[in-house]
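Enquirer: Here's my sequence, what's the structure:
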Amino acid sequence: MIFIYNLAIRFYVGAIRLSSFFGNQKAKRWLEGRRDWRGKTADMVKPGEKRIWFHCSSLGEFEQGRPVMEQVKASEPAIKIVLTFFSPSGYEVRKNYGGADYVFYLPADTKSNAKDFIELISPQKVFFTKYEYWHHYFSELHKRRIPLYMISAVFRPADRFFSWYGGFFRKMLKCVTHFFVQDDQSQMLLHTIAISNSTVAGDTRFDRVVELPGQAKDIPLANQFRDEKHVLVAGSTWPPDEKIIYGALKAVNRKLKLIIAPHEISETRLKEIETVFLGFKVVRYSMSSGKDLTQYDVLLIDNIGMLSSLYRYGNCAYIGGGFGAGIHNTLEAAVYGIPVVFGPNFGKFIEAKELINCGGAFSVSTADELTSQMQTIFNNEIENQKSGKAAGDYVRAGAGATKKIMNMVFSKNC
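Expert: Model (predicted):
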């Protein structure tokens, strides 16, 4: 099995190289970010430092690792934080994150890469987030007796660890010092394969998200655009999301305003969105200064980093991704005490299912369903407040995972 695994890693890197050759920008960044990583790492890290390593696949996982990183730094300022990303979409946005002392791409999971990288950063403890399992890195950490913790981990019955062919992958789990899982099901599944070193701690994102309203940026242009009308804030959208949002916006006959922050903000995507909402008055955020924004229907956000503050200006939030691989962050919107709506592909997200169960969120599959939901929310103030309160209460009740992790790892030394 190790032969097949190594072959798969090499095939993946080869596919990235091929995609890069044909102009895929994300693939190019993936390769360029890892070029001469040994030399770059050796030049940057300083001898004699006490380091703790956090690894996140991308931005979503970063938000889960961030509360623990910040607590570690606050409790022991002398500790150096090494932060790694697998995906360019995480690294490019957070490469200048002030809470980490070093930010790198994770080298591809080969035996020599794992050995050399761990040798170079020499961490005292290691935290991986949610889904990231890499055989050679885990094996090398285990061999060196460096504690490895999984935080905000989630397991499902269909995962390869619990399949008949999963013996090789189950060996990776044996290298983990302790699992901090999000829910009871994950812990029960680990028990079925004789892994008992786990704690149900919850999702660390809640600890980060509950702080957002107090840290939210004031955005005067968004406030001017709102103009005391009902506003839908659509975050991290993709084309299928925008299609049904357009249908709903058209159906409610201009009684609703839209602030939309797409997942990607390339010029091609921005023009695509402007075309979708043809017939409505659309203004890009970067071009909105000096304009009478009360006269526009759609405010198109063409920057990164503003979304978590924008939700405060909405009466309802639409979270994108539900017609693709899965929805984006629902908690950042729910914490403001507004109802949350998203597409049908939310099954992998515990928080989305629990938000629906408590009445704070709703799933839609068509423009007609979104229209109906918008009309219910905006025409019934009592129901709107009830749903919003349920969403906000759910987020606040979920906080506390970071404290559990810190107590166990640094106080009880698990």
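Enquirer: What is the burial count for residue 384?
Expert: 18 (other C-beta atoms under 10 Å). All C-beta spots, glycine's among them, are computed from the backbone N, C-alpha and C.
Enquirer: Helix or strand: which one has it?
Expert: Secondary structure assignment for residue 384, by DSSP states H and E: helix 381-397.
Enquirer: what's the following helix or strand after that helix?
Expert: Once helix 381-397 ends, the next helix or strand along the chain (criterion: DSSP H and E) is helix 401-406.
Enquirer: What lies in contact with that next one?
Expert: Residues outside helix 401-406 that contact it (C-beta atoms under 8 Å, 6 or more residues apart in numbering): 67-68, 71-72, 75, 149, 151-152, 180, 199, 201-204, 206-207.
Enquirer: now the strands: where do they sit in the stretch 151-300 of the chain?
Expert: If DSSP state E, counting those that start in this stretch is used as the criterion, the strands of the stretch 151-300 of the chain fall at 178-181, 198-200, 230-237, 256-262, 282-284, 298-300.
Enquirer: Can you list the low-confidence ranges for this protein?
Expert: 254, 412-413 (pLDDT under 70).
Enquirer: Of all residues in it, which one is nearest the centre?
Expert: Centroid-nearest residue in the chain, with C-alpha atoms, centre = their mean: residue 60, separated by 1.3 Å.
Enquirer: Go ahead and confirm it touches residue 328.
Expert: Yes - in this structure, residue 60 is within contact of residue 328 by C-beta atoms under 8 Å, at 7.4 Å.
Enquirer: So which of the contacts of helix 401-406 belong to helices?
Expert: Of the positions in these, 67-68, 71-72, 75, 206-207 sit in helices, assigned by DSSP state H.
Enquirer: Tell me the one of the residues you listed nearest residue 51?
Expert: Of all the ones in helices among the contacts of helix 401-406, the one with the least separation from residue 51 (C-beta to C-beta) is residue 72, at 10.8 Å.
Enquirer: Only whichever of the contacts of helix 401-406 are buried, select them in ChimeraX.
Expert: Of the contacts of helix 401-406, the buried ones can be selected in ChimeraX as follows, counting by 16 or more other C-beta atoms under 10 Å:
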select :67,68,71,72,149,151,152,180,201,202,203,204,206,207
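Enquirer: Not counting residues beside it along the chain, what's closest to residue 105?
Expert: Closest residue to residue 105 apart from its sequence neighbours, by C-beta to C-beta, 6 or more residues apart in numbering: residue 33 at 4.1 Å.
Enquirer: Tell me how many other residues surround residue 243.
Expert: The burial count for residue 243: 14, using other C-beta under 10 Å.
Enquirer: Could you do residue 47 as well?
Expert: Counted with other C-beta under 10 Å, residue 47 comes out at 5.
Enquirer: Could you list the alpha-carbon positions for the longest helix that the chain contains in CSV?
Expert: Using DSSP H to define each element, the chain has its longest helix at helix 2-21. What follows is helix 2-21, C-alpha atoms only, in CSV (Å, rounded to 0.1, in the frame of the first residue of the first chain):
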residue,chain,number,x,y,z
ILE,A,2,2.9,2.4,0.7
PHE,A,3,4.0,2.0,-2.9
ILE,A,4,0.6,3.0,-4.2
TYR,A,5,0.4,5.9,-1.8
ASN,A,6,3.9,7.2,-2.9
LEU,A,7,2.8,6.7,-6.5
ALA,A,8,-0.4,8.7,-5.9
ILE,A,9,1.6,11.6,-4.4
ARG,A,10,4.0,11.7,-7.3
PHE,A,11,1.1,11.5,-9.8
TYR,A,12,-0.6,14.4,-8.0
VAL,A,13,2.5,16.6,-8.2
GLY,A,14,2.9,15.6,-11.8
ALA,A,15,-0.7,16.7,-12.5
ILE,A,16,-0.1,20.0,-10.8
ARG,A,17,3.0,20.5,-13.1
LEU,A,18,0.9,19.7,-16.1
SER,A,19,-1.9,22.1,-15.1
SER,A,20,0.7,24.8,-14.5
PHE,A,21,2.1,24.2,-18.0
